Structure formats: structure tokens, C-alpha cells
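Colleague: Everything below, folded, please.
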Amino acid sequence: MNRKLLATTFLLSIPFLSINANAHEPREGVSGTFNITVGQRVEPAYSGEPNQFDLIVNNLDGTPANVAEITLSVDVLFLKDDAFDAKVLHRALLADEIVRDRATPNRFNIPYMPTKPGAYGFEINGTINGIQISEKYVCENGTLNSLGKSFGCVEQIQMFPQKHKH
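Modeller: Take a look at the predicted model:
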């Protein structure tokens, strides 16, 4: 392949290297004011690997919301399975404050590290621009999105090299 074609192919592929918010759960009309999309910043998510709760706030028409003030608490849930009403096995309040993404002003994150593979969810409570928000999101089959769009559950990363029994 010649260098010019190779460079063009590489440049055209750059948008596909960015983080894909399609692996998130979008909800329209949250509190009658916003379209909110929630997921994990890094997809697929692996146990033992740092990740972040990821929140994207848009206006009802789909344009990025001008978020002047956000005060949310986020509980991360470890669930028996990936169903919206699944039993919560462990719950923890994410201790860090929610931080605005530098490149995308309507995107917010809180770091955390999932320690086990399985079904995870997020409960968010608080306000965005003074509007009360109280929502629960669950990975994969726990989605409330009518199109089935959701974020993935946490996977076990393959260890390499592995010790083999002889």
C-alpha cells in the first residue's frame, strides 16, 4: 500500500478511535428538561481496570445542554444480574466530585474501579441547573431504553501469560 493511501486510511479511521457514547443508555425527557445519557467512560469495562461513571446532558432537541450548575451524588451498584429490579449485592457512593470533561462541556465523569466482573448500575440523585434528577441505570438487559441501548456489564479481563499446569 502506498504511503499516501495509508495516511488517508489512518486519518479517516481517527473518528472511530474515539470513545463511543453509543455504548451508553440514553433517556429522553428526564425531569421533563433533559436528555441524559449514562454509561462507563471506557467500554468494554473490565474488572480491576480504572474506569469512570460517564454522564452526558443534552437539551430535549438533542443539542448539548449548557450546564451551569450540577450537584449530583452517584451510587455505583453491584447487582445479582443485569435486570433493572435485580437484587443489589453491594452499593457504594462514589466519593469523588463529578467533574466536567474539558473537551465536551456537557459531559461529566467520576472515577471508580470495578473490582468484580458482573452487572453494575448507577443511581444518580441531585440537581442539574436547579432541576431535580433521580434516575437509576443498569447495564445491558437492565436498560429502560426502548431501543435496548445500554452500557455493557463489567467483564473479566483475560490474563496473559497464564500459568499452565504440566
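Colleague: secondary structure element for the residue nearest the centre of the chain?
Modeller: Central residue of the chain (Cα atoms, centre = their mean): Gly39, 1.6 Å from the mean position. For Gly39, the element it lies in under DSSP states H and E is strand 34-40.
Colleague: same check, this time on Phe122
Modeller: Per DSSP H and E: Phe122 is located in strand 119-128.
Colleague: Just want the angle from that strand to strand 34-40.
Modeller: 140 degrees (axes from the mean of the first three to the mean of the last three Cα atoms, to 10 degrees).
Colleague: In strand 119-128, which residues are buried?
Modeller: Across strand 119-128, burial judged by 16 or more other Cβ atoms under 10 Å covers Ala119, Tyr120, Gly121, Phe122, Glu123, Ile124, Ile128. No exception for glycine: its C-beta is placed from N, CA and C like everyone else's.
Colleague: Tell me which residues touch the third one, please.
Modeller: Counting by Cβ atoms under 8 Å, 6 or more residues apart in numbering, Gly121 makes contact with Val76, Leu77, Leu79, Val88, Lys136, Tyr137, Val138, Cys139, Gly142.
Colleague: Can you name the residues bridging to the closest residue to Asp81 other than its chain neighbours?
Modeller: Leaving aside its sequence neighbours, Asp81 sits nearest to Ala119 (Cβ to Cβ, 6 or more residues apart in numbering; 5.4 Å). On the basis of DSSP bridges, Ala119 is bridged to Leu79.
Colleague: Verify the contact between Ala119 and Phe84 for me.
Modeller: No: using Cβ atoms under 8 Å, Ala119 is not in contact with Phe84, being 10.4 Å away.
Colleague: shared neighbours, those two?
Modeller: By Cβ under 8 Å, 6+ apart, the residues touching both Ala119 and Phe84 are Val138, Gly142.
Colleague: Which ones among the contacts of Gly121 lie within strands?
Modeller: Of the contacts of Gly121, the ones assigned to strands by DSSP state E are Val76, Leu77, Leu79, Val88, Lys136, Tyr137, Val138.
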